[in-house]
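J.: give me a 3D structure for the following:
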Amino acid sequence: MKKLSAIKDEVEGWHNLVKRIQDTLDLAKMGDESFRAELEAETGIIEQDISQRELDVLLSGPYDRGNALLEVNSGAGGTDSQDWAAMLERMYIRWAEKAGYGCEILDSSEGEEAGIKSVTLAITGSNAYGYLKGEKGVHRLVRLSPFDSNHRRHTSFAQVEVLPEAAEDDPDIVINPDDLRIDVFRSSGAGGQNVQKNATAIRITHIPSGIVVACQNERSQLQNRENAMRVLRSRLLDIARAEQEQQLAELRGEYTKTEWGSQIRSYVLHPYQMVKDHRTDYETGNTQAVLDGDIEGFIESYLRWKKD
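T.: Numbers count the residues shown, from 1 in each chain. As a prediction, this is how the structure comes out:
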C-alpha cells in the first residue's frame, strides 16, 4: 500500500508540474511586460522542480526511496578524530533539517575530552537512503588542531556507515529471539560518569552473525531496546544485500573488497580550504557551507557518477 501511495503521489506531482509549465507558457504568450518578474520567478521554480525530479530518477535501488540509518565512528587520532566525528554528526543533522527530513539520535558515545566516539542517526523521509548512500566511507580532515598547544596541522579520520532502515515486517529479515543475547547496563557519559542511576541501556548480541548493537540515549529501557532492534534489523539487511551484490559482482568479474582505509572525501581547512570527493572529483572551496550541511552538490555528483 505504501508503494502504491508513493507512485500515486509521484504521478500527481508530474501532472501538477506539466500544468504549471502550461500555465506559465500561456501567461508568457500574452506578451504583457508587467508579468515579467512573475514569469522569471515561476520559471526558476519550475527549473528547480525539474532538476530535483531528474535527480530522483537516479534513485533506482530497492531501498533508495526509504529511510536511512547513518553511523559516524571516529578513527585513530584521539581527541582530534572524536571532534571530527562530532563535526560530521552536526553536518548530517543540518543537512537533514534543511532537506526537511526527520532526524533522531538513536545512540551516541561521547568522547573522553571532546566530540564523540560514535553516533547513530535515524534519518526518515522519502529518498533518505538513496541520497545518503554515497556518504559511506572514510572522511578525512586536515586542519590546525585546536587541541594541540603548538597549533600544529593534524589529519583526522572518521568512518561513515549508511544503512537502509529495515521494516519490522521485512520478509528478508527474520530474527529468532533465541538467537539474541540481551544485556542491560547503566548508561554513561564522558569519562564513565553515570548519567542515570537505573540500568536503562541495552546491548543486543545477534549470536549467529556476531553483530553487537548498544543503545543508551533514551531514559526508557523499552525505547532503547526498540532502537537497538531497529539498528540490528538494518545491519542484517545490509549484510544480506552485500552478499547478494558480491555474488552478482563475482559472476560478472567485478568484485573488489572495500577496505576501512579507502577515503572517499577530504576536507582541508589548512593551508588552504577545499572539500573534494575522490570518486567524482567534485570539489568546493566553501568549506564552512559544507560543514553547515550544504552537501547537495556532493550527493548529486555521486548519483550521476554512479549512474555512468
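J.: low pLDDT regions in the stretch 151-300 of the chain?
T.: Across the stretch 151-300 of the chain, the stretches falling below the confidence threshold (pLDDT under 70) are 188-197, 247-261.
J.: now do the strands in it.
T.: In the stretch 151-300 of the chain, the segments counted as strands under DSSP state E, counting those that start in this stretch are 153-164, 180-185, 201-206, 211-215, 263-268, 274-277, 283-284.
J.: any chance of TSV for those strands, columns distance to F298 and mean neighbour count?
T.: C-beta here means a position set from N, CA and C on the backbone, and glycine is covered the same way. What follows is the strands of the stretch 151-300 of the chain, written out as TSV (distance: least, Cβ to Cβ, whole Å; neighbours: other Cβ atoms under 10 Å):
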stretch	distance to F298	mean neighbour count
strand 153-164	12	20
strand 180-185	37	12
strand 201-206	33	20
strand 211-215	28	19
strand 263-268	7	19
strand 274-277	5	20
strand 283-284	8	16
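J.: those: which one's closest to I45?
T.: Of all the strands of the stretch 151-300 of the chain, it is strand 283-284 that lies closest to I45, at 24.5 Å by Cβ to Cβ.
J.: which residues does that closest one contact?
T.: M274, V275, K276, D277, V290, G297 (Cβ atoms under 8 Å, 6 or more residues apart in numbering).
J.: how about the first one, nearest residue that isn't a chain neighbour?
T.: Read that as M274. Closest residue to M274 in three dimensions, ignoring its sequence neighbours and counting by Cβ to Cβ, 6 or more residues apart in numbering: V268, at 4.8 Å.
J.: closest one to I175 out of the contacts of strand 283-284, please.
T.: D277 (35.9 Å).
J.: sorry, back to before: mind putting the strands of the stretch 151-300 of the chain in a markdown table, distance to A128 included?
T.: Formatted as a markdown table, the entries for these read as follows, by distance: least, Cβ to Cβ, whole Å:
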| stretch | distance to A128 |
| --- | --- |
| strand 153-164 | 9 |
| strand 180-185 | 27 |
| strand 201-206 | 24 |
| strand 211-215 | 20 |
| strand 263-268 | 19 |
| strand 274-277 | 20 |
| strand 283-284 | 23 |
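J.: can you tell me which residues contact the closest residue to Y131 other than its chain neighbours?
T.: The shortest distance from Y131 to any residue other than its chain neighbours is 5.2 Å, reached at I299 (Cβ to Cβ, 6+ apart). Applying Cβ under 8 Å, 6+ apart to I299 gives the contacts Y131, L132, G134, E135.
J.: of these, which is the nearest to T43?
T.: For the contacts of I299, the closest approach to T43 (Cβ to Cβ) belongs to Y131, at 25.6 Å.
J.: tell me which element the closest one falls in.
T.: Counting by DSSP states H and E, the secondary-structure element that holds Y131 is helix 128-132.
J.: quick one: distance of that helix to the chain centre.
T.: 6 Å (Cα atoms, centre = their mean, to the nearest Å).
J.: where does the stretch 1-150 of the chain dip in pLDDT?
T.: 1-7.
J.: kindly recompute the last result at 80.
T.: Applying pLDDT under 80 to the stretch 1-150 of the chain flags the ranges 1-11, 13-14, 17, 27, 47-57, 60, 77.
J.: and stretch 146-159, how far apart are its ends?
T.: Criterion Cα to Cα, to the nearest Å; first-to-last residue distance in stretch 146-159 is 21 Å.
J.: residues in contact with it?
T.: If you take Cβ under 8 Å, 6+ apart as the criterion, stretch 146-159 is touched by 72-77, 79-81, 83-85, 88, 113-114, 137-145, 260, 263, 270-271.
J.: among those residues, which ones are buried?
T.: With neighbours counted by 16 or more other Cβ atoms under 10 Å, the contacts of stretch 146-159 contain buried members at 72-75, 77, 79-81, 83-85, 88, 137-143, 145.
J.: in helices, which of those residues appear?
T.: Using DSSP state H to define helices, the subset of the buried ones among the contacts of stretch 146-159 located there is T79, D80, S81, D83, W84, A85, L88.
J.: turn these into CSV, including distance to E47.
T.: Formatted as CSV, these follow (distance: Cβ to Cβ, whole Å):
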residue, distance to E47
T79, 45
D80, 42
S81, 41
D83, 39
W84, 36
A85, 37
L88, 31
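J.: what's the most distant pair in the residues you listed?
T.: Taking Cβ to Cβ as the measure, those span a maximum distance of 15.1 Å, between T79 and L88.
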